[in-house]
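K.L.:
Following is a predicted model, sequence given first.
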Amino acid sequence: MKTKTRDLLTKNIVTIVFVILCILGIIASQQPLPFIFKELLTRVGRNTFLVLALIIPVIAGMGLNFGITIGAMAAQIVMIFAISYGATGFGGFMLCMVLSTPIAALFGYLTGVVLNKTIGQEMITSMILGFFANGLYQLLFLFLVGTVLPIGNEMYLIPGGVGVVNTIDLKGNLMYALDDLWSLKVPTVLIIAGAICTALLVWMQMKNKATQTKDQKKASYARIGMGLSLLVVGLVLNFTTNMYRFFDVPMITALFIILIAVFNIAIFKTKMGHDFRTVGQDKHIAHVSGVNVEKRRVLSIVISTVLAAWGQIIFLQNLGTLNTYGSHVQISTFAIAALLIGGASVTKATVGQAVLGVILFHTLFIVSPMAGKNLFGNAQVGEYFRTFIAYGVIGLSLGLHAWKTFAAQQRKDKIDLE
Amino acid sequence: MNNIMLELKEISKLYGENQVLNKVSFSVEKGEILCLLGENGAGKSTLMNILFGMPVIHSTGGYAGEILLDGQVVNINTPEKAMELGIGMVHQEFMLIPGFTVAENIKLNREVTKGNPISQVFGKDYRTLDYKTMNRDAREALDKLEIGIDEYAKVEGLPVGYMQFIEIAREIDKKNIRLLVFDEPTAVLTESEADNLIKAMKHLAAQGIAIIFITHRLDEVTACSQHVVILRDGGLVAAKKTSDTNTVELAELMVGRKIEKLVQNEENRNVEKSETIISMKNFKVGMPGEMVKGIDLDIKRGEIIGIGGLAGQGKIGVANGLMGLFPASGEVTLNGEPLVLNAPMASLKKKLAFVSEDRKGVGLLLDEPIDLNIAITAMQVKDDFLKKVVFFNQIDEAKVKRHAEEMVKLFDIRCTGTEQKTRRLSGGNQQKVCLARAITLEPEVLLVSEPTRGIDIGAKKLVLDTLIELNRKKNMTIIMTSSELAELRSICDRIAIVSEGKLVGVLKPDDSDAKYGLYMSGKTDMPGEVL
């Protein structure tokens, strides 16, 4: 029992540390909970999709795909041109999604081909590829647009006619194109979600009753309990006076996220997903048993890049401003940090970890400036802190991974000797 | 004789100029177990590679001869074709994925799938895995072997003994399987596990599957097979009914007599009475694939001692362990003082020098010139070839070059000059560079592993002559590890035979072939009446 608890602790140490940090941060920031919740709601809707784009390459054994930056560039290329030619609203949004797909797929394919030549160094290669692609991206928007390539509206050009302006306001064209389609209040969403979850879980429990073990039964009842409590919380919020009743949940955005989460789970139940797992576990054995390892690896990167492009479009429509030369730069770092905080590692990641990670990471983002101000009299300290966190957690996670591999090898050597 | 399933007719294979198989013919009957015996390099694996249509055969010019399956000539040019024809192989190293369940491993890349709406549109990559059927099929295959492993357990936690069975289950799950090759499956198993495996093999044979069983444990041969085929140096030595032979005869046939003594009997050579220089007690080395599992051995000053045995049995591990290149444990004393293990520098400082079997990986700095390669270890260990310039040690290039030139003359290294990169040298000359470097250290004990592997006969003789000369003139103790028994017997004073990580015994160079054969397969008891 004691070792079990210790195992649980060491395995989830990163997540546990961040839960504690978040709680301390919330206390130190002295912000009302509803405010934090509202901010968090926006940020979760904005970022989760991008983080989910990372999962498949991890399972396919290619580590954390820093190359999602390239997917984001594909999205921004399409968005800038689409906006300049007058794309607006949900139609414009879908147009961007559709047009960015082949471009992102091509970029992903090229990335995948390079990564196949640098087996074992996928992470650093994808990061450097991101920097390299950024150079080409700047060439496109600083020089080619206005000289060689036409743009729909001169107002998006830097005065002088060459190059695209630094920031593009999405207000009036794509801002909230997805979020504003349909939204419901928080309590209503909780009631609906709670009801659906409970019904689904009860149905599953009925179906599996005959074959399940005692532990499975316990877990199943615990899940039903959680579904019910969602429902209860929703009802309580709905019929009492509180702030949460006024917060909107963008339903279509949520639906997109749920769809992609389901996709990430379902794909591993298919032949293709199973091949990803096989390749991720052992490339050599996969090859010997006839799996086309290189093709699968490329495919996993293509999927990841396309999802990243879609994720970036969702991200920007919510944010409302497109920073031509900056919006894509840090998304891979932040998405990866979020995933790692959720408890994922270089070789293992789940949808649950992605969602938990986004919640923890962005809670910290929301509270740290205020906490910094209250504790040190300076909001900048909080800013520093959160940048420090993002890079620190990635470095820590990579270090832990290397250390774990090393320790496992040492243990194996020791056993071999005995 | 209508029962013959597979017939090999005069199979020959050349790798370049090298004849690795020379007109080998034999046949396998339906439902029988045939044992294939032979030393390393006898041609067993080449033969099996031909049978499986491995790319390595066809990219090097194919083979000569015919393979007949059920009386029909077949052309097996890819592994897929072999599988199609119902030929399966159980690998020695496990082709299993630890994170997957037993059933997933058995069905690896042959997963059972079922359609769904999405796969209708996007194709068969999107079909869902049918775990129920997969588990059922896996269960069936495991039941055929009469083994009670849970099909949904993860392979990770299973004992090694089970893994072999999962591999076999994978092969028999392929519905058309007719011929199974077991490539030294018992090498990694304990005795009782091996017994279980043989039971399972007999069980399969009884169901009509023909089995080719490669092993070096002679008692297993007599325990399970109907026929035995022995290869030596690429040629067929004997194909016999197992009931007509015995382990001693098999051992003799396997080793054969092909020894040419390089040293004449010297009157006053009496190394056995000299003092002990290295003494190992319960010496263990964790070298992957060459585990040493506890050896007690005393080495005398001034002798050439050979360490022999089959590949993967641990003979290579001994020298690597002494040099601290792989994790080692146990008690080792050198000149009566304890030797610090797991520290290459400590071993070097104690005047041990090593010529590695991995010439290109460990032995040489391939992109550096000959002279630097010869001097580099001496620079590190003895601060030789260095000159002090203010605060910094600089390489004394003139001295390095002078020394290299001496060595080139001494060893007759064929090169364009001492500044030639070692990558460009032939295998024999690379080996001479390695030797030259080891000698530059002026060691008391020289460890050489596989000194003649991959070099031509002329160079071979020169290397061996050099070793003898070093031993006789400088009284250097030499520990020589080699897969070539003949080579060991031609120059060594004593030969220690290692099998399954343990010392079987120490033999004299002029002991009988049968004795060598038995020792190599891990047995020491000689049935007295035969000799």
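P.N.:
Alright, I've got the coordinates. Numbers count the residues shown, from 1 in each chain, chains lettered A, B, ... in the order given.

K.L.:
What helix or strand is residue 402 located in?
P.N.:
You didn't say which chain, so I picked chain A. For A:A402, the host element (DSSP states H and E) is helix A:379-417.

K.L.:
not what I meant, chain B
P.N.:
Element membership for B:R402 (DSSP H and E) is helix B:397-411.

K.L.:
near chain A, which residues of the stretch 151-300 of chain B?
P.N.:
The stretch 151-300 of chain B comes close to chain A at residues B:K284, B:V285, B:G286, B:P288, B:M291, as judged by Cβ under 8 Å from any Cβ of the partner chain. Where C-beta positions appear, they are placed from N, C-alpha and C, glycine not excepted.

K.L.:
So of these, which two are at opposite extremes in space?
P.N.:
B:K284 and B:P288 (13.6 Å; Cβ to Cβ).

K.L.:
The two: which is more packed in?
P.N.:
B:K284 (22 against 10; other Cβ atoms under 10 Å in any protein chain shown).

K.L.:
The more buried one bridge partners, please.
P.N.:
B:K284 has these beta-bridge partners by DSSP bridges: B:K293, B:S329.

K.L.:
Run through the strands of chain A in chain order.
P.N.:
With DSSP state E as the criterion, chain A has strands at A:167-169, A:183-185, A:248-250, A:321-323.

K.L.:
closest one to B:T481 among these?
P.N.:
Comparing those by Cβ to Cβ, strand A:321-323 comes nearest, at 65.5 Å.

K.L.:
Direction included, what does that closest one pair up with?
P.N.:
Under the criterion DSSP bridges, strand A:321-323 sits next to strand A:167-169 (antiparallel) in its sheet.

K.L.:
Show me how far the strand it pairs with is from its chain's centre.
P.N.:
When distances are taken as Cα atoms, centre = their mean, to the nearest Å, strand A:167-169 is centred 24 Å away from the chain's centroid.

K.L.:
my read is B:L6 is in a strand, agree?
P.N.:
Yes. According to DSSP: H, G, I helix; E, B strand; the rest coil, B:L6 belongs to a strand.

K.L.:
Which pLDDT does the model give it?
P.N.:
pLDDT, B:L6: 89.

K.L.:
Also A:I23?
P.N.:
A:I23 carries a pLDDT value of 93.

K.L.:
what does chain B put close to chain A?
P.N.:
Applying Cβ under 8 Å from any Cβ, we find that chain B lies next to chain A at B:80, B:95-100, B:104, B:108-111, B:113, B:119, B:124-129, B:284-286, B:288, B:291, B:327-329.

K.L.:
Whichever of these end up buried, select them in PyMOL.
P.N.:
Those of the residues of chain B next to chain A that count as buried under 16 or more other Cβ atoms under 10 Å in any protein chain shown are selected in PyMOL with:
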select buried, chain B and resi 95+96+97+99+100+104+108+109+111+113+119+126+127+128+129+284+285+286+291+327+328+329
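
K.L.:
Restricted to helices, list the residues of chain B next to chain A.
P.N.:
Those of these mapping onto helices are B:E80, B:E104, B:S119, per DSSP state H.

K.L.:
Can you tell me which of those residues is closest to B:D383?
P.N.:
For these, the minimum distance to B:D383 (Cβ to Cβ) is 57.1 Å, reached by B:E104.

K.L.:
Nearest the geometric middle of chain A, what residue?
P.N.:
Central residue of chain A (Cα atoms, centre = their mean): A:V51, 1.0 Å from the mean position.

K.L.:
ok, it to A:N264 distance?
P.N.:
Distance, A:V51 to A:N264, by Cβ to Cβ, to the nearest Å: 11 Å.

K.L.:
And for B:D358?
P.N.:
B:D358 sits 44 Å away from A:N264, going by Cβ to Cβ.

K.L.:
These two: who's more crowded?
P.N.:
Using other Cβ under 10 Å, the more surrounded residue of B:D358 and A:N264 is A:N264, with 22 against 14.

K.L.:
check contacts around the more buried one.
P.N.:
Each residue near A:N264 by Cβ atoms under 8 Å, 6 or more residues apart in numbering or on different chains is listed here: A:L52, A:I55, A:I56, A:V351.

K.L.:
Also B:E140?
P.N.:
Counting by Cβ under 8 Å, 6+ apart, B:E140 has contacts B:D173.

K.L.:
can you list contacts of the longest helix along chain B?
P.N.:
Criterion DSSP H: the longest helix present in chain B is helix B:457-474. For helix B:457-474, the surrounding residues in contact (Cβ under 8 Å, 6+ apart) are B:262-263, B:302-304, B:411-412, B:426-429, B:431-432, B:435, B:439, B:446, B:448, B:451-452, B:455, B:476-478, B:480, B:487, B:490-491.

K.L.:
One more pass at 6 Å, please.
P.N.:
The contact list for helix B:457-474 (Cβ atoms under 6 Å, 6 or more residues apart in numbering or on different chains) reads B:L262, B:I304, B:G428, B:P451, B:T452, B:M476, B:I478, B:I491.

K.L.:
What segments of the stretch 201-350 of chain B are helices?
P.N.:
Here the stretch 201-350 of chain B has its helices, by DSSP state H, counting those that start in this stretch, at B:218-224, B:247-255, B:315-322, B:344-349.

K.L.:
on contacts alone, who are the packing partners of the second one?
P.N.:
Taking 3 or more Cβ pairs under 6 Å, 6 or more residues apart in numbering or on different chains; DSSP states H and E as contact, the helices and strands that helix B:247-255 lies on are helix B:513-520.

K.L.:
Check the shortest one too.
P.N.:
In this structure, helix B:344-349 packs against no helix or strand, with contacts taken as 3+ Cβ pairs under 6 Å, 6+ apart.

K.L.:
could I get it in PDB with only the CA atoms?
P.N.:
Written as PDB, here are the backbone C-alpha positions of helix B:344-349 (Å, rounded to 0.1, in the frame of the first residue of the first chain):
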ATOM      1  CA  PRO B 344      38.500   1.100 -18.000                       C
ATOM      2  CA  MET B 345      41.200   3.500 -16.800                       C
ATOM      3  CA  ALA B 346      42.000   1.400 -13.800                       C
ATOM      4  CA  SER B 347      42.400  -1.700 -15.900                       C
ATOM      5  CA  LEU B 348      44.600   0.200 -18.400                       C
ATOM      6  CA  LYS B 349      46.800   1.500 -15.600                       C
END
